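Peer 1: This is a predicted model, with the sequence first.
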Amino acid sequence: GASHFLDLVRVGYYNGSALSRVHSGFLAQFGISPDYDLKMEYKDKVIPDDPRIPVDQDQDHDNSHKPITFQPGMISFAGNNPNTRSTEVFIVMPDTKQVYLDRFGTINPWETPFAIIENFDSIITNPNPRAKSNTKTISKSVANKWHAYGDAIPVGSGPSRERMFQKDGYEYLKREFPKMDYIEECHVIDIEPGMLSTA
């Protein structure tokens, strides 16, 4: 999943992407590009599900029933059946209850976290101005301001996925969902050796 996500980032797929399905205390989902050509190109390019990794490989030799436990800030591809993951991903929101964390990756076994946002479940008020990297950290205070339209109508008050895939999908969003939040830019930052701590 991680390599597929990075490939999509490198072609600019997520630039300007809408946070089209936001549930406070649950998840924020995005991944339908505003670029019509890109979203048509990648819509049906699905990837196989990631293999399960045992929680403790020394004690468990059956890796089919031990999904990684989800935490706030983890990122996973969304899907609707096995081997259907393509471009849409979700972020587990701050303050997600344990009962929901336990469901991720179990009810839908294709959900596998491939990344985590550092310090996502904390409120960051004074980021280090001397940091060597220009990476911006998404904090709890920022995530909780994303407008939560929820699921698509009629279940929630959010936009239709099918409508978003149309050529004027983002005009539809601007018109019908004026409080929608968007990802301005998404890109890969090359980390220099020694910048990451193993502690």
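Peer 2: It's in. Numbers count the residues shown, from 1 in each chain.
Peer 1: quick one: low-confidence parts of the chain?
Peer 2: 53-67, 121-141, 191-199 (pLDDT under 70).
Peer 1: All the strands of it, in order from the start?
Peer 2: 21-23, 27-30, 74-77, 89-92, 113-116 (DSSP state E).
Peer 1: out of those, nearest to residue 156?
Peer 2: strand 21-23 (8.1 Å; CB to CB). (C-beta placed from N, C-alpha, C; glycine too.)
Peer 1: Give the other helices and strands that the closest one contacts.
Peer 2: strand 27-30 (3 or more CB pairs under 8 Å, 6 or more residues apart in numbering; DSSP states H and E).
Peer 1: try it again with 7 Å
Peer 2: Strand 21-23 makes packing contacts with no helix or strand when contacts are defined by 3 or more CB pairs under 7 Å, 6 or more residues apart in numbering; DSSP states H and E.
Peer 1: Let's have the strands of the chain in CSV, adding distance to residue 106 and mean neighbour count.
Peer 2: CSV is the format used below for the strands of the chain (distance: least, CB to CB, whole Å; neighbours: other CB atoms under 10 Å):
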stretch, distance to residue 106, mean neighbour count
strand 21-23, 18, 23
strand 27-30, 15, 21
strand 74-77, 12, 23
strand 89-92, 14, 23
strand 113-116, 13, 17
